[in-house]
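Student: structure for this input, please:
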Amino acid sequence: MLRDFAATATIAATLLAGAAAWAEPIRIDVIERQVVPPPILSNLIAPPEDLGLAGAELGLADIQATGRFTGTNYQLTETRVAPEAAFLPAVQALLAEGARLLVVKAPAADLLELADLPEAAGAVIFNIAVPDDALRGTECRPNLLHTTPSLAMRADALAQFALKKRWTRLALLEGPNPEDAAFAAALRGAVAKFGLTLAGETGWAFDADMRRVASEEVPAFTQGLPDHDLLVVADERGDFGRYIAYNTWLPRPVAGSEGIMPLGFSAAVENWGAAQLQGRFREIAGRGMEAPDFAAWAALAAIGETVTRTGDPAPAALRAYLLSDEFRLSGFLGTPLSFRDWDGQMRQPVPLVTERAVVMTAPLEGFLHEFSELDTLGQDRPGTACTRFGDAR
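Tutor: Residues are numbered from 1 along each chain as shown. The predicted model follows:
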């Protein structure tokens, strides 16, 4: 299914001297690999069908507005690949048509297969959904950038918050799914990185309907955990975590996948002009902006910012500028966004949010870094396992 959104631009040379006007629009492809969601204990809150895609549409509207003054046209092509359809032939067809700027919402395996295609070697691919640390480490690719925070960034944000609150003894409750194990591993790494103590941990061991028995089962289940200041939950599918708060044996705050959540973005983010971003997004989507929406918006905004500053829409030139010290993107999070030139990860603050409010935004005051305080979140240059990305400096 394809939908095209084309900008009708005018030239205003007085506002950007030397800006080039392209006869053909700059093509940006948004690709979603649809997946059948796994069963969970409660389907009370289903994810929006346009999650991520709506953010791309807002991003297009924003860069179109600038393009009208610079004589730049943009065209957004949206492709959804059904769960039963083959992914690679679909993206190969787009590459054969000339697609080179790809904003992709797909599982890690599909992302890597796309990045490894010979015809995608000269493309720039933005990952807007997969937080796996391996994609920024041993499985990094030179044509793959990430506008969604890594698991390590989210875990480090939560560890900074815990340390700031002097909640130094943590307990971990890990779900049974692979994504839960990955987040739990990132949390353990953050505990070690910031000198916290993991007092105890346990795995979720129930498959019952917690809507009926949470008040009976959860207290007994958590009774065996040693004394702790903060209970951290790794439940990335939203399966059981919602039943943990206020049912634990010890009255302790809950964080991680539930409670105080470190997220790339949230409908609760309002400071630094984000209220205006949220308002424009609600006009398009009829809901609040979530992390994949923001990641897609950031990818489009980064493309638009680069083309405006450099006057060159070629993928190689775009990649080089994105990874340079000159690139900065105003991202409504209090600090300009940029990209790490050792693994392609977008540097960004990580809001720590509840369902309706921002508690704090990491990096927190006092966590310093010789280059950028944003590099206190996630994998820094000295410890990176990425050897295939290349250094743009």
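
Student: can you give me the helices for the stretch 1-150 of the chain?
Tutor: Taking DSSP state H, counting those that start in this stretch to define them, one finds helices in the stretch 1-150 of the chain at 53-70, 87-96, 108-115.

Student: the first one - contacts with which helices or strands?
Tutor: If contacts are counted by 3 or more C-beta pairs under 8 Å, 6 or more residues apart in numbering; DSSP states H and E, helix 53-70 sits against strand 26-33, strand 74-81, helix 274-285, helix 291-310. Bear in mind the C-beta positions are built from the backbone N, C-alpha and C, glycine included.

Student: domains in this structure, by residue range?
Tutor: Recorded structural domains for the chain (assignment: automatic domain parsing) are 2-149+266-351, 152-262.

Student: next one: the longest one to chain centre, how far?
Tutor: Pointing back at domain 2-149+266-351 there. From the chain centre to the centre of domain 2-149+266-351 is a distance of 11 Å (C-alpha atoms, centre = their mean, to the nearest Å).

Student: related to what we said a few turns ago, how about JSON lines for the domains of the chain, with mean pLDDT and distance to L377 added?
Tutor: Shown next, in JSON lines, are these (pLDDT from 0 to 100; distance: least, C-beta to C-beta, whole Å):
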{"stretch": "domain 2-149+266-351", "mean pLDDT": "90", "distance to L377": "6"}
{"stretch": "domain 152-262", "mean pLDDT": "94", "distance to L377": "4"}
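
Student: first-to-last residue distance for stretch 369-386?
Tutor: Stretch 369-386 has an end-to-end distance of 20 Å (C-alpha to C-alpha, to the nearest Å).

Student: ugh, wrong one, I meant stretch 87-104
Tutor: Taking C-alpha to C-alpha, stretch 87-104 runs 12 Å from one end to the other.

Student: mind listing what's buried along it?
Tutor: Within stretch 87-104, the residues that count as buried by 16 or more other C-beta atoms under 10 Å are 87, 90-92, 94-95, 99-104.

Student: ditto for stretch 153-164
Tutor: Neighbour-count burial for stretch 153-164 [16+ other C-beta under 10 Å]: 153-163.

Student: for those, which one is nearest I45?
Tutor: Of all the buried residues of stretch 153-164, R154 has the smallest distance to I45: 20.1 Å, by C-beta to C-beta.

Student: what's the closest non-adjacent residue to that closest one?
Tutor: Spatial nearest neighbour of R154, excluding adjacent residues (C-beta to C-beta, 6 or more residues apart in numbering): P262 at 4.1 Å.

Student: again, but for V104
Tutor: Using C-beta to C-beta, 6+ apart, the closest residue to V104 is I31 (4.9 Å).

Student: what number of residues lie near the one you found?
Tutor: I31: 24 surrounding residues under other C-beta atoms under 10 Å.

Student: name all residues that make contact with the closest residue to V91 other than its chain neighbours.
Tutor: Nearest-residue entry for V91: L114, 5.4 Å, with adjacent residues in sequence omitted and distances by C-beta to C-beta, 6+ apart. When the contact criterion is C-beta atoms under 8 Å, 6 or more residues apart in numbering, the partners of L114 are 87-88, 91, 102, 104, 106, 120, 125.
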